[in-house]
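> no letters, just coordinates:
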């Protein structure tokens, strides 16, 4: 049995060719989709391949077909609560199409440069990018004709295929409901400066408030629980405790702010302070928080991202397209909202 | 410029060889670590490669060196709170060693069969497996000489390299502390049947109780929040509400059980009911829960897994080795514990 084991390990197209008494290129053709091989030759090759436990090497096949059947997924903030769901959905959807995911998990959005070299070297067929790309980086993908789909980001100076959540629409819904319920002293806990999503949510909320003659106090967080806690403390100081509503750029910071209000300041949420978030992560629904938030339709968004990328791998000439998904307002117990 | 763009896209070792006036194999050697090329030839090749924007193809290089510089990470339960942290740590540690992660995110632990074919085809150098492998599947890795390290699993009938958290030790600490504080009516919310970790934690807890003459009531969950809630309801029914302590096989179920006790049954936690978990995920530290739990040393465990796998890729003959990491007892506010 040792001989058989060794064969399984080391069988190459050369071994199969020898056993079948055909040329190595005939073996390659036999396993290449669409290539022609005489039926009798094919039968001999398949028999030899089965005997030797030979499997065509996906990577070698990729070199021939110019497809690696791998896509890069570039994602940051994996330890935050939203992205693992996105990654699991992307991975399962690519997998269902027989495409593998080469994962690039960044510590910060702006670390993209470090992984680009790797992406070129592995000749991925395409990429889904949930991290910030500057125009130069975007241009490099175009130059190398590697199709990409931006996830919750847009091409900042040149158009790119993208799937986005309509943060602006979500911000308007939240602000509208909070204003209608009588809130007047607003704080905003924004995301880090290098986050496109965080900036969009904070700016859209601030704009909606300013159009109603109100100026919010803005502080920055880093999307995690402790920065929600810290953000609320800063807001309390800067507002002389007059704060009656806090808009957080994601749910995790909203959860941190709710806990801080209740446990550190003994402020009743939502009775004395309304706190809202964005994303609709699972923890936002937990009984202790029940965060009022805008839920991103993750399934539809990831399905679209995968579909758009696969289309562009087949047809690289397709024009940029932006798909914008509206969110669903989830009325929790963390804010007093009045809806029209 | 269009010409240059096209060149960047299509430059191959053949193009470089032509431009440099050398053989294609000289170009290959030039970019293969350790291979010898005359300095003058190397200079010509590097100049031509730079002019053409040629980069050696990592995959083609892999075919030559028999290394793909890719490892598979097989992980399930990505939307639970513990695994994203593990995945982020693994990904960054492999990346620091210039190794890429091919991700296989399973919906259930027992879905491994579906991805094995892909793993063989992509000729990964090795695998970290945080999902259940049966002895046959384990044997397939051995047969193909693909080194693997099991993460929080062990080879069930044959030894395999593994990095494990000492769930049994953790369970004993928790049970000891709960017994010392006077708890007598125990419930256990175990994990799903196909989870090695879940079974180990539930069984070790039950054994420790039985050694003290107590028989716990056991129910099963699926590691998520709502199954913690459901588990507590079942335990309350089956214990005639006499329950005074609940051991959950992970923190997320503990959080679900705490919320259920407080909000559905109006039972004070920890005054009337102690609830403990396992893992030490970030949410377990949130002010509303402060779960008493045993924290896995994720950094040290992932560092070990990466190190053990890299060693075995270099030296496949290394014997199986099991590294068992003790956890840190985190005294939260969800249980009354008395420590020796």
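Nice, I can see it. Remember, predicted model here, so these are calculated numbers, not experimental data.
> other residues contacting the lengthiest helix in chain A?
In terms of residue count, the longest helix belonging to chain A (DSSP state H) is helix A:298-314. For helix A:298-314, the surrounding residues in contact (Cβ atoms under 8 Å, 6 or more residues apart in numbering or on different chains) are A:67, A:71, A:85-86, A:89-90, A:93-94, A:97, A:99, A:125-128, A:147-149, A:151-152, A:161, A:163, A:165, A:318, A:321, A:323, A:325. For every residue, glycine as well, the C-beta is placed using N, CA and C.
> and that helix, what's buried?
A:298, A:301, A:302, A:304, A:305, A:306, A:308, A:309, A:310, A:311, A:312, A:313 (16 or more other Cβ atoms under 10 Å in any protein chain shown).
> the helices in the stretch 51-200 of chain A, which residues?
Using DSSP state H, counting those that start in this stretch, the helices found in the stretch 51-200 of chain A span residues A:58-65, A:83-96, A:112-121, A:135-143, A:167-180, A:196-210.
> and residue A:157, which of these is closest to it?
helix A:135-143 (4.4 Å; Cβ to Cβ).
> residue A:293 in helix, strand or coil?
strand (DSSP: H, G, I helix; E, B strand; the rest coil).
> contacting residues for it?
Contacts of residue A:293 (Cβ under 8 Å, 6+ apart): A:251, A:254, A:276, A:277, A:278, A:279, A:280, A:284, A:329, A:330, A:332.
> please report how far the first one lies from residue A:335.
Right, the one you point to is residue A:251. 12 Å (Cβ to Cβ, to the nearest Å).
> so the two - more neighbours on which side?
residue A:251 (32 against 27; other Cβ atoms under 10 Å in any protein chain shown).
> the more buried one against residue A:284, yeah?
Yes - judged on Cβ atoms under 8 Å, residue A:251 makes contact with residue A:284 at a distance of 4.2 Å.
> now for those two: what residues contact both?
A:277, A:291, A:293.
> nearest to chain B among those residues?
residue A:291 (11.8 Å; Cβ to the nearest Cβ).
> confidence score at the closest one?
pLDDT, residue A:291: 98.
> residue A:270 now?
Value for residue A:270, per-residue pLDDT: 97.
> that one: what's it in contact with?
Residue A:270 touches A:292, A:333, A:334, A:335, A:336, counting by Cβ under 8 Å, 6+ apart.
> want to try CSV for these, with secondary structure as columns?
Shown next, in CSV, are the contacts of residue A:270 (three-state DSSP):
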residue, secondary structure
A:292, strand
A:333, coil
A:334, coil
A:335, coil
A:336, coil
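> now the buried members of the residues you listed.
Here, 16+ other Cβ under 10 Å leaves A:292, A:334, A:335, A:336 buried among those.
> and the third one, how far from chain B?
By that I understand residue A:335. 17 Å (Cβ to the nearest Cβ, to the nearest Å).
> can you list the domains in chain A?
Split into domains by automatic domain parsing, chain A comes to A:2-65, A:70-165+A:298-326, A:167-296.
> which helix or strand contains residue A:246?
strand A:245-248 (DSSP states H and E).
> what is the subsequent helix or strand relative to that strand?
helix A:251-259.
> got a list of contacts for the strand holding residue A:246?
A:171, A:174-175, A:178, A:183, A:185-189, A:201-202, A:205, A:216, A:221, A:228, A:231-232, A:235, A:254, A:257, A:273-278, A:335.
> where does pLDDT dip in the stretch 1-150 of chain A?
Along the stretch 1-150 of chain A, the parts satisfying pLDDT under 70 run over A:1-10, A:31-36, A:55-66, A:78-79.
> try 90
Along the stretch 1-150 of chain A, segments meeting pLDDT under 90 span A:1-19, A:21-69, A:75-85, A:88, A:92, A:95-96, A:98, A:105-123, A:131-136, A:142-144.
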